[in-house]
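S.K.: Dropping a prediction and its sequence here:
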Amino acid sequence: MLGEIALYAFAVLVLTGVFLTFFFVPSSAETIYRGNYSPLDGEPVSAAFASAVALSFDVPAGLLMRQTHHWAALIFVAAIAAHLLRVFFTGAFRRPRDVNWLVGVTLLALVLLTSFVGYSMSDDLLSGTGLRIAYSVVESVPVVGVWLAFLLFGGEFPSDLMVPRFFVAHVLLFPAALVALISLHMAILVRQRHTQFPGPGHTEHNVVGSRLWPGYAARTMALFGYVAGTALTLGGLVQINPIWLYGPYDPAQVTTPAAADWYLAWADGILRLSPPLEFRMFGYLVPSQFLPGLVLAVALLGLYAWPFLEARLTRDRGPRHLLDRPRDHPMRVGVGVAALTAFVVLTAAGSNDVIAFLLEVPVTSVTSALQALVLTLPWVTGATAYWVARALRDRPGSSLGSLSLSDVRSSARPASRSGIPAARGEAPVASDAAVELWQRAGEGWR
């Protein structure tokens, strides 16, 4: 029910967002803050920053709503990411659900953009630093970069139109697009039905599940309560994004150490690890920020292309309604684990200054170590996951804890590539055979 968690987090975002809209002032005009936060009382700040601080200290339940909104956004992104991983590793993206995979990837990209724009509207020093970086990446696009940056940000950074433009996008355009994508995603799901793992009575032509009423309805409404309660509990007890500590945005200043939210830290990590390479293309200077931005675009395109790439490599283009166990597709497992490893290393790189501060070592040393890790560690973990998945595939009744090093080695022998290792004296399974396995309590595997 990962998709339901994402849906209910979005509902919490809408409800808390409506409350925040009543008090937030989307303007970069200078004003004097007058409120309960004494360190800023009487200081000149932007109207957006002043209203966000007032929400935190002067509006009843304002801080609860601000922090609940932020925590719900994190839950929303995490649930979508976990849902995407489940779909990827179980092969639920194959035909006829490849279209829904494309909708889901678009939804994930839009959620990341919406979240970034949302926490950038408060016009504090940390979010302003992130916006300046984003502006530089957009501006680095050859030929159209400057025009595109002016279009999105309303002029040269920092523009007076930036906050109002982000506000309109965050509360109107992006939510409307999210509602449309979620509705399309669910409509396709209802039309195609849920996928299911192989088991007794499960075939490619039926769906075995629970009735909508009352069983599923009771569970899903309880889940909504859990998600809303978790977001409200975190919003009330766990501080997040204390903009009053960062202060208002000033183009002449920058926060340090600074770290983005986890779902964007990997993008910041790419920028921090990339070497300062500049070159000319057709007479145009391509700044160093362009290549990291290109890596982000390639990663997104890779997610879009994966269902069609796998179908081409495996020559499996038929409709599939039964899920795979991950071990049955070692190559998919290897690619997925390698990508997750790169994500973790890049996320750590997004906090290289924080790591250097905590370890009391030069930040250049931390950056060099992370550069070496991002180039080598994904290959190591991906290859390890590939061979372990092959060993588990060759031993259908085995668990990960029961594998030995010799089992992994034997799975690499040519005789085992079509099924159970020949070294065990068992007949290998033909590569084109369809084998279903399931487990019953007290009976073992069938």
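M.R.: Received, thanks. Numbers count the residues shown, from 1 in each chain.

S.K.: domain assignment for this protein?
M.R.: Following the TED database, one finds the domains of the chain at 1-204+221-268, 325-411.

S.K.: Of all those, which one is nearest Ala434?
M.R.: domain 1-204+221-268 (9.7 Å; CB to CB). No exception for glycine: its C-beta is placed from N, CA and C like everyone else's.

S.K.: Tell me, how many residues neighbour Gly199?
M.R.: Counted by other CB atoms under 10 Å, the residues lying close to Gly199 total 15.

S.K.: Can you list phi and psi of it for me?
M.R.: phi 180, psi -180 (degrees, to the nearest 10).

S.K.: which residues does the closest residue to it other than its chain neighbours contact?
M.R.: Nearest non-adjacent residue to Gly199, counting by CB to CB, 6 or more residues apart in numbering: Trp438, 4.3 Å away. Applying CB atoms under 8 Å, 6 or more residues apart in numbering to Trp438 gives the contacts Pro198, Gly199, Pro200, Trp445, Arg446.

S.K.: Check Trp438 and give its pLDDT.
M.R.: pLDDT for Trp438: 73.

S.K.: returning to what we had before: list buried residues within the contacts of Trp438.
M.R.: For the contacts of Trp438, a burial check counting by 16 or more other CB atoms under 10 Å picks out Pro198.

S.K.: Which one of the contacts of Trp438 is nearest to Ala265?
M.R.: Nearest to Ala265 among the contacts of Trp438, with distances taken as CB to CB, is Pro198, at 37.8 Å.

S.K.: Relative to Arg446, how far out is the closest one?
M.R.: With distances taken as CB to CB, to the nearest Å, Pro198 is found 11 Å from Arg446.

S.K.: any residues in contact with both of the two?
M.R.: Leu437, Trp438.

S.K.: quick one: Val333 and His70, what's the gap?
M.R.: Distance, Val333 to His70, using CB to CB: 34 Å.

S.K.: Please compare those two by neighbour count and tell me which comes out ahead.
M.R.: Val333 (25 against 20).

S.K.: who's in contact with the helix or strand containing that one?
M.R.: Per DSSP states H and E: Val333 is located in helix 330-349. Outside helix 330-349, the residues that touch it by CB under 8 Å, 6+ apart are 85, 88-89, 91, 262, 265-270, 272-273, 310, 313, 326-327, 355, 367, 370, 373-374, 377-379, 381-387, 389-390, 393.

S.K.: Of those, keep whichever come out buried.
M.R.: 88-89, 91, 265-270, 272-273, 310, 326-327, 355, 367, 370, 373-374, 377-378, 381-382, 385-387, 389-390, 393.

S.K.: any idea how far Val53 is from Leu107?
M.R.: Val53 is 32 Å from Leu107, where distance means CB to CB.

S.K.: Repeat that for Arg95.
M.R.: Separation of Arg95 from Leu107 (CB to CB): 20 Å.

S.K.: Looking at those two, which one has more neighbours?
M.R.: Using other CB under 10 Å, the more surrounded residue of Arg95 and Leu107 is Leu107, with 21 against 15.

S.K.: Return the distance of the more buried one relative to Met281.
M.R.: Distance of Leu107 to Met281, given as CB to CB: 33 Å.

S.K.: The domains of the chain: which one's closest to Pro319?
M.R.: Evaluated over those, closeness to Pro319 peaks at domain 1-204+221-268, with 5.1 Å, by CB to CB.

S.K.: re the thing from before, per-residue confidence averaged over the helix holding Val333?
M.R.: In this model, helix 330-349 carries a mean pLDDT of 95.

S.K.: which is the next helix or strand following that helix?
M.R.: Counting by DSSP H and E, the element after helix 330-349 in chain order, helix or strand, is helix 352-359.

S.K.: Which elements pack onto that next one?
M.R.: Where contact means 3 or more CB pairs under 8 Å, 6 or more residues apart in numbering; DSSP states H and E, helix 352-359 is packed against helix 363-394.

S.K.: So what angle separates the directions of the helix it packs on and helix 330-349?
M.R.: 160 degrees (axes from the mean of the first three to the mean of the last three CA atoms, to 10 degrees).

S.K.: Show me what counts as buried in the helix or strand that comes right after helix 363-394.
M.R.: Using DSSP H and E, the helix or strand that follows helix 363-394 in sequence is helix 405-411. Neighbour counts over helix 405-411 (16+ other CB under 10 Å) mark Asp407, Val408, Ser410, Ser411 as buried.

S.K.: Can you list the low-confidence ranges for the protein?
M.R.: The chain contains residues with pLDDT under 70 at 412-433, 440-443.
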